[in-house]
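Peer 1: Structure of the sequence below:
(6 chains, ligands or ions: 12)
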Number of protein chains: 6
Amino acid sequence: LMTYANLPYVHCLAGEGQEVESYDIAIIGAPFDTGVTARPGARFGPSGIRRGSRRIAPEAAWDIYTGENVFLDWAKVIDCGDAPLTFLDNTVALKQLDATHKIISGRRANSSEFPTPRIIMLGGDHTTTLSALRSTYQHWGEVSVIHFDSHLDTWDPMVLGGGISHYAGVNHGTFLHIAHEEGLIRNTSVHAGIRAPMLRPKGDLRNDFRCGFEIIKAREIDRVGVKGIIEGLKRRVGQSKVYISVDIDVLDPAFAPATGTAEVGGWTTRELLSVLDGLSGMQIIGADVVEVAPIYDNPGETTLLAAAEVVHSLVALMVQRPVECTRAV
Amino acid sequence: LMTYANLPYVHCLAGEGQEVESYDIAIIGAPFDTGVTARPGARFGPSGIRRGSRRIAPEAAWDIYTGENVFLDWAKVIDCGDAPLTFLDNTVALKQLDATHKIISGRRANSSEFPTPRIIMLGGDHTTTLSALRSTYQHWGEVSVIHFDSHLDTWDPMVLGGGISHYAGVNHGTFLHIAHEEGLIRNTSVHAGIRAPMLRPKGDLRNDFRCGFEIIKAREIDRVGVKGIIEGLKRRVGQSKVYISVDIDVLDPAFAPATGTAEVGGWTTRELLSVLDGLSGMQIIGADVVEVAPIYDNPGETTLLAAAEVVHSLVALMVQRPVECTRAV
Amino acid sequence: LMTYANLPYVHCLAGEGQEVESYDIAIIGAPFDTGVTARPGARFGPSGIRRGSRRIAPEAAWDIYTGENVFLDWAKVIDCGDAPLTFLDNTVALKQLDATHKIISGRRANSSEFPTPRIIMLGGDHTTTLSALRSTYQHWGEVSVIHFDSHLDTWDPMVLGGGISHYAGVNHGTFLHIAHEEGLIRNTSVHAGIRAPMLRPKGDLRNDFRCGFEIIKAREIDRVGVKGIIEGLKRRVGQSKVYISVDIDVLDPAFAPATGTAEVGGWTTRELLSVLDGLSGMQIIGADVVEVAPIYDNPGETTLLAAAEVVHSLVALMVQRPVECTRAV
Amino acid sequence: LMTYANLPYVHCLAGEGQEVESYDIAIIGAPFDTGVTARPGARFGPSGIRRGSRRIAPEAAWDIYTGENVFLDWAKVIDCGDAPLTFLDNTVALKQLDATHKIISGRRANSSEFPTPRIIMLGGDHTTTLSALRSTYQHWGEVSVIHFDSHLDTWDPMVLGGGISHYAGVNHGTFLHIAHEEGLIRNTSVHAGIRAPMLRPKGDLRNDFRCGFEIIKAREIDRVGVKGIIEGLKRRVGQSKVYISVDIDVLDPAFAPATGTAEVGGWTTRELLSVLDGLSGMQIIGADVVEVAPIYDNPGETTLLAAAEVVHSLVALMVQRPVECTRAV
Amino acid sequence: LMTYANLPYVHCLAGEGQEVESYDIAIIGAPFDTGVTARPGARFGPSGIRRGSRRIAPEAAWDIYTGENVFLDWAKVIDCGDAPLTFLDNTVALKQLDATHKIISGRRANSSEFPTPRIIMLGGDHTTTLSALRSTYQHWGEVSVIHFDSHLDTWDPMVLGGGISHYAGVNHGTFLHIAHEEGLIRNTSVHAGIRAPMLRPKGDLRNDFRCGFEIIKAREIDRVGVKGIIEGLKRRVGQSKVYISVDIDVLDPAFAPATGTAEVGGWTTRELLSVLDGLSGMQIIGADVVEVAPIYDNPGETTLLAAAEVVHSLVALMVQRPVECTRAV
Amino acid sequence: LMTYANLPYVHCLAGEGQEVESYDIAIIGAPFDTGVTARPGARFGPSGIRRGSRRIAPEAAWDIYTGENVFLDWAKVIDCGDAPLTFLDNTVALKQLDATHKIISGRRANSSEFPTPRIIMLGGDHTTTLSALRSTYQHWGEVSVIHFDSHLDTWDPMVLGGGISHYAGVNHGTFLHIAHEEGLIRNTSVHAGIRAPMLRPKGDLRNDFRCGFEIIKAREIDRVGVKGIIEGLKRRVGQSKVYISVDIDVLDPAFAPATGTAEVGGWTTRELLSVLDGLSGMQIIGADVVEVAPIYDNPGETTLLAAAEVVHSLVALMVQRPVECTRAV
Ligand SMILES: [Mn+2]
Ligand SMILES: [Mn+2]
Ligand SMILES: [Mn+2]
Ligand SMILES: [Mn+2]
Ligand SMILES: [Mn+2]
Ligand SMILES: [Mn+2]
Ligand SMILES: [Mn+2]
Ligand SMILES: [Mn+2]
Ligand SMILES: [Mn+2]
Ligand SMILES: [Mn+2]
Ligand SMILES: [Mn+2]
Ligand SMILES: [Mn+2]
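Peer 2: Residues are numbered from 1 along each chain as shown, chains lettered A, B, ... in the order given. Ligands and ions are numbered 1, 2, ... in the order given. Okay, the predicted model is just below:
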């Protein structure tokens, strides 16, 4: 009844034997927020982002800047609904999400030329990106991550949450560390929009570097402009395949109050969308928008609208550059 | 009891025979929102904008940038209250609004030199601008429209809402098309702040051009700056008479969440006010601020404050450049 | 239980004879809002700002821009809780606040080198700054004030509120005038971010100049940039000792809706924090963040987060440049 | 993706030739609110009520009072989604809604014994009930209406909205008058919970009586109790077939703030649900919950939860007493 | 533009020499809230209550319970707007309010039979009732007060706020004590709905008794019912003239969240209105609704609607029983 | 800085060797909400309830109904702050909470006669009650539980959450089952206010009975009144020692919207407080208020006020009846 951008719903998770409509780009919700360290609520992010996209009509969405309608292009874009995730056990939930990614990305795409469907995930807290990266690894191998966030999220589980237990160590601030440890990402990755404090003066930076990341801080945009940010990102990832993860808290709380660990001094929505649109031509093999916690939004649903438009830009990037699968599963 | 900026209330719509205080610039509310395609609520826009102007004291409103107090200048600025509009029949309501404009603009101004009073309308959804343009046409003939909006609003009634009925075709997305068809506007008009998608790839642009408009997109301000926008607007309208229509959704939802069809990636209030103030010297013969739907505002009433200040800037433009009436009624 | 940035609570106001832990920089709340002319509610500002700082962990707050952790530096930073102020008599309340400042600043600092502790006050309406300036005068003599605000706040009590009574004349718009009259501030002071209208065309400016202020208007940042603002402020105050007062309404209501007399067209949080961080090296002998009225905030608590980070920047400025006391008490 | 009570979605409005799963009780949304005289917003009522029902699990909804699970009983209960209604022309929209009712009620039910499926409509403003009554008339002839509301809604179109035009006369306060004029309802109908003022002293009551209604005022529950109300309703409708229309404004605004024309002094949710459950055994041939306008709800979504539970009670009444169709279509 | 119940505005405070329309019952706002001990905001109570009355149409307000329209009866009911009160000096503000009451009640009524107009005041915090009682004393001598409140409000200024200063002693918790000291009220007064704690175990009760009050606690309604409460009130005040003061916090916060010192466990709106309507026949010579602080209301404006309806009931009581003036001024 | 009811803070969790002030009744917060199945947010319950108690002054809290001030009686009541609980591992968090209870209840009370201090816990989600019951068992053995809730919370972990993992089986709907399995509670326990649906028709009831509970449904209060409920509870628990657990969702969402699994049709705050006060004389050996999730509250903080007053009533019950410890630790 309510899908992202009123796209067709496809029952992507249908059991064996059931016929499933094919697709090229799949939207999937990941209602999960028990990996957070501050305000919970991102479990309602997927339905929130869909609500924010209510006014997008796929047949009438011709972009004013590019003249394109990415929903009417070569790719069939659909919404798979939400992954069935428990709120009561993170370990189980991540396995459920791993399985979901596997099924959705494992079907044969609609396009005959580009047989592996790509996924845009609606979080959920940032822990969910770990599942997404495990999935992209299966199909495309190691990827560069372009990580829009106010936080590094490469914290060592021993530093953030992990003194306590292994279970606690898997969370929305450590998932990039774990992804690195699991060998899922290239050391040509990059953060953009960083401004939250570090937990350790040198250790955090050394560790972040070791995880394969370079840092573009939030205020750098004042120096180099949107154009400079775009160039920096392009230079960093080069010709590699790219996963884009957008933690909505990369935006300033004026633009995205509805998130769990909001940090002031961030980017405007206009800046973020301009940066994203500037990445056109990259080989995006997966993407997400995470940490949207609707209950903290204002009555006008500012955050939900912004998140929905970010998804729109991610769809555009994927449509603008189809990607061939380079690795057998 | 509550007027815009605590200005004097004048019973502008008094019946024949009743004496009415004269004025040069009249504020009039247009509580109407049944021409919208998304979130309703702009019927409470006029009282909302007045609430947002509560702290303006006409006798103590010396602008910090210009040093002027536009309420203590040559022009007598007053508030006529709201037009008596039904919520239950758009056709009737627009006729009521036409009549209201006719009465208010038809009285002899307070100034002996500039005998036609000008009107600033507080919407109400954007459909109400149609009545305003019909009214300005009576007094000043065809005008250039400077249209601040995230949407084009020149849609052909056949495209937006109109496949259904003639009644449905008159709405907040088609009124500029209709104004063009009625011959009310010059083909030196211009949109500013556009970013919402088009419904048709080429058709929309062709139609928009045919309606007399040029487009300045929202992100162009990043390239040319406030100054460039001002120059572009001035160049476009030349020496013609100008009607300014400000759809509050030209602002980013962070600045104006309280509107029906909010679009992210818009201008800041500082940008919009700077642009408006830069138009000083133009012959503004009418203006409005529309699509303010207070229920979507945050508790601090950000949108209402912004809308009230936009009205303030519009008053200033009118005061800075009195306009002689060029056409008999 | 809840202190600013989870810093240690010290019972700074303990009676004579009780031992009190020493400190170098003290946070003190001033719950007072009966000096306001518009929306009340700043009496809950101190607890609001503390709530906004909930996620700051002093042991893990290494700034991403500077690499420093100002809570683990030479200075012992603590929270004294709130001054005990009555809501029912402004005269009494200000005396209570005067006494509070006297006691807190009168204790011997933790550092042996810099024996006078400095205070950062969480307002409360802006009237409370008067007590703070009376206190700094006792220790450091006349100071330059860097006053971030959308309003001048140098109004003559005869002009703002004062026709009525002496009592009414002491308020959040006149306190800088009174501070000047009491000889507390140098005529090398400066406002930044001004955009609210003046009550009188010339009188306000003449009076403001006489009170020792220069004006940097809000939109000047568009012309000179953050860097230009910083240079302007530095040039103005020279080598003098500086008190920084941040009225949160210097921010645009999109960034700080939760304030009593919000004015649109203001700065972004990123701009304000960049300006503040650019003042590094100044001799800051006192500071405050005022006019935070939490009830007007949006559910995501945008304003509280911004205010908490402003305080963080103020602590940083104080830590970066210790100041020797130049005047016996 | 989001249906009422997580019930299965059925594409009830599928075109000819498409196979459609059969059902016994259908939920249908009617997003329409341009027939209101006060605060709009009920167009989002259907999705709001569905959101309020999010925690209902059909397989695990055993009522604590009755021990029954009405979703696992003989009847197949499903959600058809929303009727496709324009916001831009009431006349057209009502025709669209008429057609929707016709299609949904016209399919053969899942039960072989009771071949006519029944409909529970989620409004939308109260005008939508007119379509529902037109539909029930086709299948069951004239019915008694049990109308829970704070307003009479039998106003003569000449009195409410109708002096203006025929179009304006069809609205949320006149639909019961029109239903009477169209011969759809029996003169054994009854209002319950009435407390809003009448527009005319005697005329309203005379007219209301003529339309077939008896009035139970809100405060009568204090005199006769829930039990007395139930008895009064049963006595009034006797053995006739019954349509139940629940205007959510029958509840006090403390329990249902999210409605367009809220009236204080109403019933509690506990009272309303007890009354509804007391009607068990009646032949309910159609029902609705209308006037839910989510934007006016509080953050805890009190109204949406109440509305969802009212729908639950309506389903129960329908399940508890299957009804044979008495009239050929 | 916005008056209580859309009643005519009369410029009651016009200066000498100006002609003023006559009236029998006057509504006057008292925007004052610097006498509160907890959450401020009642300064916006008058405009809030007017907003809550927006849907009342005087010509179409025939009560469903009584069949009467109190706006079309013998009495001319009008709205005088707000008293001009400073926010910056309580002493001055109360004098301003005293003067306002004097002027409004001092004009000759419209009715020739009952020459003294009566006033219903919209607070403002409860301190404002002191001015009202001073005014009624001038015209009718000592009166019984029926005081609906969760708080006693007879606190000795020495106990509540008064240890500090005389100024602080005049506040929303002491005004009834002061009224007693000034000899304005009879010792046949009564509180209803009390539930807030006492500051002193015995002293408060002794003092309350001395001030002329009997106490009906909130939960007594569970024992004696609405009817019992009405009887208790009637018995207490006997045939004396009565001033009714309704502190909106007599309602439970579920019904009236928008107040400064909300106390749980209170009455429902239905209970309060039923009690008020039960007082029909009393000689009400003045009344008020106070402590409405709109910013704490929920989006549906529950409190404002309740307060507006309480005013409606107060008007009804005054219309139902005209009162002759018994005392020369 | 902010304690429950402004009571003294005691550092109850001080390490060995540190001296700790003694107490008789301790308030402890349990910020935990990762055991919930619906809306999270109760992790902010403890600070929310404290905020709701802001206006309680222990020295001036003489109850209007009883004449007592329970804070000035024999018992020393203090606030220990919050238990240090991780959000990232339920197993660890519950162990941390077990340890917290052990330390706080293990200290020697202030009273020499009643040496075991009692605890009132501020939740947190309902899972936290498990730790509390483990703790009371150590001191007083098996206890009767009076469980105010709309939900049974005795679900078998195999039924609710438990098909998945052992970890998932410990949650806010199963903790009473687990408490029974651990032998912590007597089979003289009782639920009050139940109205949420059962997951299984018979199984739930059988299991609930086996866990030692009797059920008083929400609507029973309409039949037997507050008095009947009190008698029912007293009869059920007899002379046994009693633990009172108040899930705030026992209240109707109109009174307590700020909770995770709100169920309509519940009790009013007046009813709940009357019931609680009626339990005077019982041997209460522990108590809690849980499931308060402040983000869902309305701006007036209705829920927080109600929760704070429930805690007040629990303190009163403990003070009214001291309890001797019957079991060595
Ligand atoms: Mn982040
Ligand atoms: Mn992140
Ligand atoms: Mn627009
Ligand atoms: Mn528009
Ligand atoms: Mn200011
Ligand atoms: Mn200021
Ligand atoms: Mn109704
Ligand atoms: Mn209705
Ligand atoms: Mn009170
Ligand atoms: Mn009171
Ligand atoms: Mn529960
Ligand atoms: Mn529970």
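
Peer 1: so where's chain A uncertain?
Peer 2: Filtered on pLDDT under 70, chain A yields the residue ranges A:325-329.

Peer 1: On the three-state scheme, the residue nearest in space to the middle of it is what?
Peer 2: In chain A, the C-alpha nearest the mean C-alpha coordinate belongs to residue A:288, at 1.8 Å (CA atoms, centre = their mean). Using DSSP: H, G, I helix; E, B strand; the rest coil, the structure places residue A:288 in strand.

Peer 1: cool, and the one 4 residues further on?
Peer 2: Following three-state DSSP, we place residue A:292 in the coil state.

Peer 1: what's the spacing between it and chain E?
Peer 2: 22 Å (CB to the nearest CB, to the nearest Å). Any C-beta I mention is one placed from the backbone N, CA and C, and that applies to glycine too.

Peer 1: Kindly report the same for residue A:227.
Peer 2: Distance from residue A:227 to chain E, by CB to the nearest CB: 42 Å.

Peer 1: ok, now how distant is residue A:147 from residue B:265?
Peer 2: Per CB to CB, to the nearest Å, residue A:147 is found 21 Å from residue B:265.

Peer 1: How about the contacts made by residue A:313?
Peer 2: A:273, A:276-277 (CB atoms under 8 Å, 6 or more residues apart in numbering or on different chains).

Peer 1: Closest to residue C:212 out of the residues you listed?
Peer 2: Nearest to residue C:212 among the contacts of residue A:313 is residue A:273, at 44.7 Å by CB to CB.

Peer 1: Does the one helix or strand the closest one maps to reach chain C?
Peer 2: According to DSSP states H and E, residue A:273 maps onto helix A:269-277. No. Helix A:269-277 lies out of reach of chain C by CB under 8 Å from any CB of the partner chain, never closer than 10.1 Å.

Peer 1: how far out from the middle of the chain is that helix?
Peer 2: The chain centroid and the centroid of helix A:269-277 are separated by 15 Å under CA atoms, centre = their mean, to the nearest Å.

Peer 1: Doesn't residue A:145 lie inside a helix?
Peer 2: No. Secondary structure of residue A:145 (three-state DSSP): strand, not part of a helix.

Peer 1: Near it, how many other residues are there?
Peer 2: 28 (other CB atoms under 10 Å in any protein chain shown).

Peer 1: repeat for residue A:218
Peer 2: When neighbours are counted by other CB under 10 Å, residue A:218 registers 25.

Peer 1: How about it: what's its closest non-neighbour residue?
Peer 2: residue A:195 (4.1 Å; CB to CB, 6 or more residues apart in numbering or on different chains).

Peer 1: Who are the contact partners of that neighbour?
Peer 2: A:150, A:217-219, A:263, A:265-266, C:64-65.

Peer 1: of the residues you listed, closest to chain B?
Peer 2: residue A:266 (11.2 Å; CB to the nearest CB).

Peer 1: wait, the closest one sits on residue A:255?
Peer 2: Yes. With contact taken as CB atoms under 8 Å, residue A:266 and residue A:255 are classed as touching, separated by 7.5 Å.

Peer 1: tell me the SS of the closest residue to chain B within chain A?
Peer 2: Closest residue of chain A to chain B, CB to the nearest CB: residue A:300 (2.6 Å). When classified by three-state DSSP, residue A:300 comes out as coil.

Peer 1: what's around it, how many residues?
Peer 2: 26.

Peer 1: Look up the closest residue to it, ignoring the ones flanking it.
Peer 2: With CB to CB, 6+ apart, the residue lying closest to residue A:300 is residue B:257, at 2.6 Å.

Peer 1: What distance do you get for that neighbour to chain E?
Peer 2: Taken as CB to the nearest CB, the span from residue B:257 to chain E is 13 Å.

Peer 1: which ones are touching that residue?
Peer 2: A:298-302, B:296-298, B:302-303.

Peer 1: between the residues you listed, which is closest to ligand 5?
Peer 2: residue B:302 (15.8 Å; CB to the ion).

Peer 1: Give me the spatial nearest neighbour of the closest one, chain neighbours excluded.
Peer 2: residue C:253 (4.4 Å).

Peer 1: For that neighbour, give its distance to residue A:300.
Peer 2: 13 Å.

Peer 1: what does stretch A:78-87 rub up against?
Peer 2: A:3-5, A:7-13, A:21, A:23, A:25-34, A:43, A:46-47, A:50, A:92-93, A:96-97, A:100, A:104, D:1, F:34, F:36-37, F:40, F:161, F:164, F:168.

Peer 1: nearest residue to the residue of chain A found nearest ligand 4 other than its sequence neighbours?
Peer 2: In chain A, the residue that lies nearest ligand 4 is residue A:55 (13.7 Å; CB to the ion). Once flanking residues are discounted, residue A:55 sits nearest to residue B:38: 5.7 Å by CB to CB, 6+ apart.

Peer 1: Could you check which residue of chain A lies nearest chain E?
Peer 2: Counting by CB to the nearest CB, chain A gets nearest to chain E through residue A:299 (6.8 Å).

Peer 1: circling back: I'd like the contacts of residue A:195 written out as CSV, with distance to ligand 11 and secondary structure added.
Peer 2: What follows is the contacts of residue A:195, written out as CSV (distance: CB to the ion, whole Å; DSSP: H, G, I helix; E, B strand; the rest coil):
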residue, distance to ligand 11, secondary structure
A:150, 35, coil
A:217, 45, strand
A:218, 42, coil
A:219, 46, coil
A:263, 34, coil
A:265, 40, coil
A:266, 37, coil
C:64, 42, coil
C:65, 46, coil
